[in-house]
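Engineer: Predicted structure and sequence below. I'll ask about it afterward.
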Amino acid sequence: MKALLAALSFSSLTLVLCWQLCAAEPIPDKLVVLTFDDSVASQATFVAPLLKKHGFGATFFITEGFEFLVDKKNYMTWEQIKALHDQGFEIGNHTRKHAGVNKQKPEQLAADVEFIEQQCLKFGIPKPVSFCYPGYATSETAVKLLRERGYSFARAGGAKAFDPMTDDPLTMPQAFDGKPDSTLEQFKAAVAQAKDGKIAVMTFHGVPDIKHPWVNTDPAKFEAYMQHLKDEGCTVIAMRDLLKYLAAK
Ligand SMILES: [Zn+2]
């Protein structure tokens, strides 16, 4: 009897392990996630057409913070955001007011997260499964809230590749953070980290970003970054597309 029980538990363990290993596709080298923060107008007018030309996926993290409500020259309209979704890009949640989650009460954060979900619903966009921490500050309360609300991924700051074996997908680090003085060499170094099960998550804001010059990326430089991904034969996806690689994690 004891032997039978041992054999049974061994085979269930084998089954569970097999399910975990078989459920997810292996993570290829040169797997890159592109993310764009802050609802900047140039993301719809310049970035999206260029990504389409290359056949790249991407996630756009939407907030109604900054001057989103009054400056429709420099910030996207919800119609433009819906058009990004229609083109196959992912719309992620960057909160209503772009407040640091570590400075908010749980109910304030919940309301700001829910607001973007409701706006998505209103404009025919699915409820986001990816989140981006405003200003990159995280908190345990926020991670718990995001998990409860069904989010699979949340990007923070940092400067390293995402390792699903050691990093929580709800405090995912970025490998590259596009700034005015960022170089192609730095971008190439970030891409080169995408190997041995690690994934390079890249952060950009506007291309260009007139209202936030400290996170501006020059369009010509951005074209060179994207050309490098193409030349390297990278798999370039939206954050939600990580699900198939991390199904059992
Ligand atoms: Zn932001």
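Structural biologist: Thanks, I have it. Residues are numbered from 1 along each chain as shown.
Engineer: Strands along this structure, start to end?
Structural biologist: 31-37, 59-62, 90-93, 130-132, 153-155, 176-177, 200-204, 235-237 (DSSP state E).
Engineer: among those, which is nearest Leu84?
Structural biologist: strand 59-62 (5.5 Å; C-beta to C-beta). C-beta: built from backbone N, CA, C; applies to glycine.
Engineer: ok, and does that closest one reach over to the ion?
Structural biologist: No: using C-beta under 5 Å from the ion, strand 59-62 stays clear of the ion, with a minimum separation of 6.8 Å.
Engineer: Given that strand, what are its sheet partners and their directions?
Structural biologist: strand 31-37 (parallel), strand 90-93 (parallel) (DSSP bridges).
Engineer: any weak-confidence spans in this structure?
Structural biologist: Counting by pLDDT under 70, the chain has low-confidence residues at 1-23, 248-249.
Engineer: who's in contact with the closest residue in space to Asp196 that isn't next to it in sequence?
Structural biologist: Nearest non-adjacent residue to Asp196, counting by C-beta to C-beta, 6 or more residues apart in numbering: Asp29, 7.4 Å away. The neighbourhood of Asp29, defined by C-beta atoms under 8 Å, 6 or more residues apart in numbering, consists of 194-196.
Engineer: Without its sequence neighbours, what residue ends up closest to the closest residue to the ion within the chain?
Structural biologist: Going by C-beta to the ion, the ion is nearest to Asp37 of the chain, at 4.0 Å. The shortest distance from Asp37 to any non-neighbouring residue, by C-beta to C-beta, 6+ apart, is to Phe61 (4.7 Å).
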